[in-house]
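[1] Take a look and give me a structure for this.
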Amino acid sequence: METSDIELKFEQYRDHLENETTTLTSYVQLYKHINDRKQDRLDELNIAPCFFGTVIDSLFTAIILWMNNLIDPKAERGFYNFLSFIENNRDILAISRLQKRNNYPDGHWMLNREPITYELIESDRKKLKNIKALQSFKIRRDKFHAHFDKDYAFQRKQISSDAPIKFSDLDDLVEVLKDILNTYSAAYNGKVYKISLMDINDIDYVLNILHEYNQNIKS
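    You can find the predicted model right below:
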């Protein structure tokens, strides 16, 4: 089956969003993981507090900014724009196109799916609007991480009270983006992305070396 220009555009869009969602997911997972290791490797993290503290702060800023890149309604290549592209080109995601694209026989289990409708696209827009702590993300982006606001420039700690963000909020953000991307990717050619940081335990290797060093010093 010959690939049309619109289909090539979809593939380009999908690859872009997969890459950037993976980037955001990597930031989130590493940020959470280093914070989690404070429970049992705090002494090791404190061997180089400037390094690890800066890494944690940098990851959180990257999360806020990448969130903005992906879910700001005005972003030119974010998820809102992607959904508008899908809305205007729903025909490339028709089940009949999937069958031809993958050469599936009649009755194949992959063809037993709900079609991509305007209502589905609208429900995904609502998922973006209803992301947990969305307002907190926006406040942090607009008033601190992207621009210094007079209310927070001299009171950095205040923003944590005014715009709280929990680990579970970060997980919710990532899961919404993964779900939307995979909905349309699967409808196009059955491809589903796992989207995760493969080497999350690299930092554990470093912390374990530091832990062994600490233990040797104490003994």
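[2] If you count contacts, what does the helix-or-strand element of the chain with minimal mean pLDDT end up packed against?
    Here the helix or strand of the chain ranked lowest by mean pLDDT, DSSP states H and E is helix 202-218, holding a mean of 85. Under the contact criterion of 3 or more CB pairs under 8 Å, 6 or more residues apart in numbering; DSSP states H and E, helix 202-218 touches helix 5-36, helix 38-45. C-betas here are computed from N, CA, C, even on glycine.
[3] which parts of the first one are buried?
    Put plainly, it is helix 5-36. With burial defined by 16 or more other CB atoms under 10 Å, the residues of helix 5-36 counted as buried are 7, 10, 13-14, 17-18, 20-34.
[4] From the contact counts, what lies against it?
    Packing contacts for helix 5-36, counted by 3+ CB pairs under 8 Å, 6+ apart, involve helix 49-71, helix 79-88, helix 167-189, helix 202-218.
[5] which residue packs closest to residue 33, ignoring adjacent ones?
    Among residues not flanking residue 33 along the chain, residue 200 sits closest, at 5.6 Å (CB to CB, 6 or more residues apart in numbering).
[6] thought the one you found was touching residue 31?
    No: the pair residue 200 / residue 31 is not scored as a contact, 10.9 Å apart, by CB atoms under 8 Å.
[7] among the helices and strands packed on helix 202-218, which gets the worst mean confidence?
    Ranked by mean pLDDT, the helices and strands packed on helix 202-218 bottom out at helix 38-45, with a mean of 92.
[8] which parts of that one are buried?
    Along helix 38-45, these residues count as buried under the neighbour rule (16+ other CB under 10 Å): 41, 44, 45.
[9] and the residue nearest to residue 33, what does it touch?
    Residue 200 sits next to 29, 30, 33 when contact means CB atoms under 8 Å, 6 or more residues apart in numbering.
[10] Local confidence estimate at residue 2?
    Per-residue confidence at residue 2 stands at 63 (pLDDT).
[11] Can you tell me what sits against the least confident helix or strand of the chain?
    Outside helix 202-218, the residues within contact range by CB under 8 Å, 6+ apart are 30, 33, 34, 37, 41, 43, 44, 45, 47.
[12] just stretch 104-115 next, same as before
    Stretch 104-115 is touched from outside by 93, 94, 95, 98, 99, 102, 120, 186, 187, 190, with contacts defined as CB under 8 Å, 6+ apart.
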